[in-house]
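> quick one: sequence and predicted model below, then my questions.
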Amino acid sequence: MSCFLRIRCPSCGNEQLVYSHASRVVRCQICDEVLAEPTGGKVRIKGQVVYAFGKVREG
Ligand SMILES: [Zn+2]
């Protein structure tokens, strides 16, 4: 199930919306830290998920 995640950058604290099934690496808009990596399915989260829109399972 796809959803949007609000992810906090572990490096600078910026919070950014990330699509749960993004097909490209998602980087922080502020410091260019990688926040999420594509896996072919749900992205692998590198930062801290502070909020999820819709159903999501972390891990
Ligand atoms: Zn950052």
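Nice, thanks for sending it over.
> the worst-scoring helix or strand of the chain on mean pLDDT close to the ion?
Ranked by mean pLDDT, DSSP states H and E, the weakest helix or strand in the chain is strand 48-53, scoring a mean of 86. No - taking CB under 5 Å from the ion as the criterion, strand 48-53 and the ion are apart, separated by no less than 11.6 Å. (C-beta placed from N, C-alpha, C; glycine too.)
> can you name the residues in contact with that strand?
3-8, 10, 15, 56, 58 (CB atoms under 8 Å, 6 or more residues apart in numbering).
> and the protein, which residues reach the ion?
9, 11-12, 14, 28, 30-31, 33.
> one more pass at 8 Å, please.
9-14, 28-33, 35 (CB under 8 Å from the ion).
> nearest to the ion among the contacts of strand 48-53?
Nearest to the ion among these is P10, at 7.8 Å by CB to the ion.
> which non-adjacent residue is nearest that closest one?
Distances taken as CB to CB, 6 or more residues apart in numbering place G47 nearest to P10, at 5.1 Å, with adjacent residues excluded.
> pretty sure that neighbour sits against C12.
No - the criterion here is CB atoms under 8 Å, and G47 misses it with C12 at 10.1 Å.
> let me know the helix or strand that Q16 is in.
strand 15-19 (DSSP states H and E).
> would you map the strands across the protein?
When assigned using DSSP state E, the strands of the chain occupy the ranges 4-8, 15-19, 26-27, 34-37, 44-45, 48-53.
> using TSV, please lay out those together with mean neighbour count.
Listed next are the strands of the chain as TSV, based on neighbours: other CB atoms under 10 Å:
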stretch	mean neighbour count
strand 4-8	19
strand 15-19	15
strand 26-27	18
strand 34-37	19
strand 44-45	15
strand 48-53	13
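> what's the farthest-apart pair in the contacts of strand 48-53?
Farthest apart among the contacts of strand 48-53 by CB to CB are C3 and P10. That separation is 20.8 Å.
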